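Visitor: Quick one, what's the 3D model for this:
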Amino acid sequence: MAKRKIRSKTRRANNEGSIYQRPDGRWAGVATVGQDENGKRIRKTVYGKSRLEVVDKLNKLLNKISNDNYEYLENTTIGEIMNEWLLVFKKMQVSPRTFEHVYRNFKLHIEPKIGKMKIEEVSTTVIQKVLNEMLEEGYSLAVVKKVKFIFNQFFNYAIDNKLAINNPTTRTRVRSVERKIYDGENKYKAIPPQVRDEFLSKLNTHEFLKPLCMCMMFAGLRTGEVLALTWNDIDFENKTISVRRAITTVPKFDEQGKVKERVTVVSETKTACSVREVPMPDILVQALEDWKENRHFFGRENNINLTQNNSLVFGNNDGSVRSYSGTKAIFKRFLKSNNLDKFGIHFHGLRHTYSNMLFENNENPKVIQALLGHKSVKTTITTYNSVDKSYFKKATDTLNKQFAVDKNKVTENNKAQNLLENLDDEELDKLLELLEKRKRKKEKDFEM
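Guide: Numbering: from 1, shown residues only. Down below sits the predicted model:
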């Protein structure tokens, strides 16, 4: 008796009527995408390893057809769509420097890997592979997360404009914590304590760098904050510096998103927390007073006022804003000419030195955070508190003081031990008998 074929009672979902399994095991789905000039239907077939994969591809295809974007999406790669989104929309939403970083990440990490694909071909797996490859190639977790953020923003835009029906980025995963191998040689960012006196001694010979570097080393200012200072920000009477602005380099772009020039301007500080008032030690006050006098005489000789309230403290000789790169170049030449480059001193390391000196004197981390203008005390503690071998010695000295050993007592005990070890049996018996008598005498005296 022949077996009857039992039909499934489960109905197919909408748009799944054309899905079938091929003899080779793969699944396929067919959709009508339009008509040719003779009225004949144009059909397109999509393939996948499973029914679900084909359903997903058909949905994306039908979405393109239903929202009048089919021809655009068929003839445009995701690289071209993302590039247009970045230049038309993203560029106007962020600062020029932020856009430069975003566009660079797109050009370096996204376009070369998936730029030629169609938007419906970019799945969660495709994006996850891009992120995984970046980690394997040694890129930092921060950069990988920024690339993921670009993907996420783009697909949200694509959904809003009916270019995609879902965001494949939402199910991708990257680890939350950076795994770094400790490199003791590169951990110490501040100027080492044993080098500071030599550095300051050489710094005294440089008229311009002396007050500028001291603002970083004894007030903790960032380079951009120092270069944006005006004389109105320096309160000699109360010995404070008001940090309100910072210089920044703003890139200018052409129509293709390439940087055509960079302009140094004075703008807002790095964060809102960076606006602060910092006390000045006497050594810094004296250095700035000497520098102001120097600028006064230079300006008088060249018929320009360089010491009025709104004049830049460390501007160029014509009063214009000085660039970060130019100032850094002066600093590097100074290190080399004074044989200080062998110590690995960096410009930003002066700010690290300021925080380190405060930590070395057991200052409260929250106070140091406020002085540095950090948003989080975690940054202050983990990034701006370098550790060198002197810290270990101090820790050992602290333990020695707390658990001090009486060396005289140890010497006496050692002598007694050596004496006992050299006694013969008869001498040892006599000693024990004597100790026993003394013990009985003490007990008798106690009873009386």
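Visitor: so where's this structure uncertain?
Guide: Within the chain, the stretches with pLDDT under 70 are 1-17, 33-36, 64-68, 70, 177-188, 383-432, 435-448.
Visitor: ok, which stretches of it are strands?
Guide: 19-21, 27-35, 41-48, 234-235, 240-243, 245-253, 259-268, 276-279 (DSSP state E).
Visitor: Mean neighbour count added to those strands, as TSV?
Guide: For every residue, glycine as well, the C-beta is placed using N, CA and C. TSV is the format used below for the strands of the chain (neighbours: other CB atoms under 10 Å):
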stretch	mean neighbour count
strand 19-21	14
strand 27-35	16
strand 41-48	13
strand 234-235	18
strand 240-243	19
strand 245-253	17
strand 259-268	13
strand 276-279	17
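Visitor: so which of the ones you listed comes closest to Glu136?
Guide: strand 41-48 (27.0 Å; CB to CB).
Visitor: returning to that earlier point: now the strands of the chain in CSV, with distance to Gln369?
Guide: Shown next, in CSV, are the strands of the chain (distance: least, CB to CB, whole Å):
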stretch, distance to Gln369
strand 19-21, 60
strand 27-35, 59
strand 41-48, 54
strand 234-235, 22
strand 240-243, 14
strand 245-253, 18
strand 259-268, 20
strand 276-279, 10
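Visitor: Indicate which one of these is closest to Asn317.
Guide: Across the strands of the chain, closest to Asn317 is strand 259-268 (CB to CB), at 15.8 Å.
Visitor: so what secondary structure elements neighbour the closest one?
Guide: With contacts taken as 3 or more CB pairs under 8 Å, 6 or more residues apart in numbering; DSSP states H and E, strand 259-268 sits against strand 245-253.
Visitor: in its sheet, what does the strand it packs on sit against?
Guide: According to DSSP bridges, strand 245-253 has the following sheet partners: strand 259-268 (antiparallel).
Visitor: how far is the partner strand from where the chain is centred?
Guide: Distance, stretch centre to chain centre, for strand 259-268: 22 Å (CA atoms, centre = their mean, to the nearest Å).
Visitor: got it, and stretch 151-165?
Guide: The answer for stretch 151-165 is 28 Å, by CA atoms, centre = their mean.
Visitor: And the helices in the stretch 1-150 of the chain?
Guide: Counting by DSSP state H, counting those that start in this stretch, the stretch 1-150 of the chain has helices at residues 51-66, 70-74, 78-85, 91-93, 96-105, 111-114, 124-136, 141-160.
Visitor: chain center to the first one: distance?
Guide: Pointing back at helix 51-66 there. Offset of helix 51-66 from its chain centre (CA atoms, centre = their mean): 40 Å.
Visitor: List the buried residues in that helix.
Guide: 53-65 (16 or more other CB atoms under 10 Å).
Visitor: Kindly report the same for the fifth one.
Guide: Across helix 96-105, burial judged by 16+ other CB under 10 Å covers 96, 99-100, 102-103, 105.
Visitor: Dump those residues to a markdown table, plus distance to Ile78.
Guide: A markdown table is the format used below for the buried residues of helix 96-105 (distance: CB to CB, whole Å):
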| residue | distance to Ile78 |
| --- | --- |
| Pro96 | 25 |
| Phe99 | 20 |
| Glu100 | 22 |
| Val102 | 16 |
| Tyr103 | 16 |
| Asn105 | 15 |
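Visitor: Can I get stretch 264-282 as CSV, trimmed to CA atoms?
Guide: Output of stretch 264-282 as CSV, limited to C-alpha atoms (Å, rounded to 0.1, in the frame of the first residue of the first chain):
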residue,chain,number,x,y,z
THR,A,264,44.6,77.5,14.1
VAL,A,265,41.9,79.3,16.0
VAL,A,266,41.0,80.1,19.6
SER,A,267,37.8,78.3,20.7
GLU,A,268,36.2,76.7,23.7
THR,A,269,38.1,74.4,26.1
LYS,A,270,38.2,70.7,25.6
THR,A,271,35.3,70.1,28.0
ALA,A,272,33.0,72.2,30.3
CYS,A,273,35.1,70.8,33.2
SER,A,274,38.2,72.3,31.7
VAL,A,275,37.0,75.9,32.5
ARG,A,276,38.7,76.5,35.9
GLU,A,277,40.8,78.7,38.0
VAL,A,278,44.3,77.4,39.0
PRO,A,279,46.5,78.8,41.7
MET,A,280,50.1,79.7,40.8
PRO,A,281,53.2,78.9,42.9
ASP,A,282,55.7,81.8,43.4
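Visitor: Give me the contacts around that stretch.
Guide: 218-222, 224-225, 228, 239-250, 288, 321-324, 370-371, 373-375 (CB atoms under 8 Å, 6 or more residues apart in numbering).
Visitor: Please repeat the previous calculation with a cut-off of 6 Å.
Guide: Stretch 264-282 has contacts (CB atoms under 6 Å, 6 or more residues apart in numbering) with 218-219, 228, 239-250, 321, 323, 371, 373, 375.
Visitor: do stretch 221-240 as well
Guide: Applying CB under 6 Å, 6+ apart, the contact partners of stretch 221-240 are 212, 215, 242-243, 245-247, 266, 277, 279-280, 285, 288, 307, 309-314, 322, 324.
Visitor: Pull out the buried residues from it.
Guide: Buried residues in stretch 221-240 (16+ other CB under 10 Å): 221-231, 233-234, 240.
Visitor: can you put the residues you listed in CSV and add distance to Leu203?
Guide: Formatted as CSV, the buried residues of stretch 221-240 follow (distance: CB to CB, whole Å):
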residue, distance to Leu203
Leu221, 16
Arg222, 19
Thr223, 16
Gly224, 20
Glu225, 19
Val226, 14
Leu227, 17
Ala228, 21
Leu229, 18
Thr230, 23
Trp231, 22
Asp233, 22
Ile234, 19
Thr240, 22
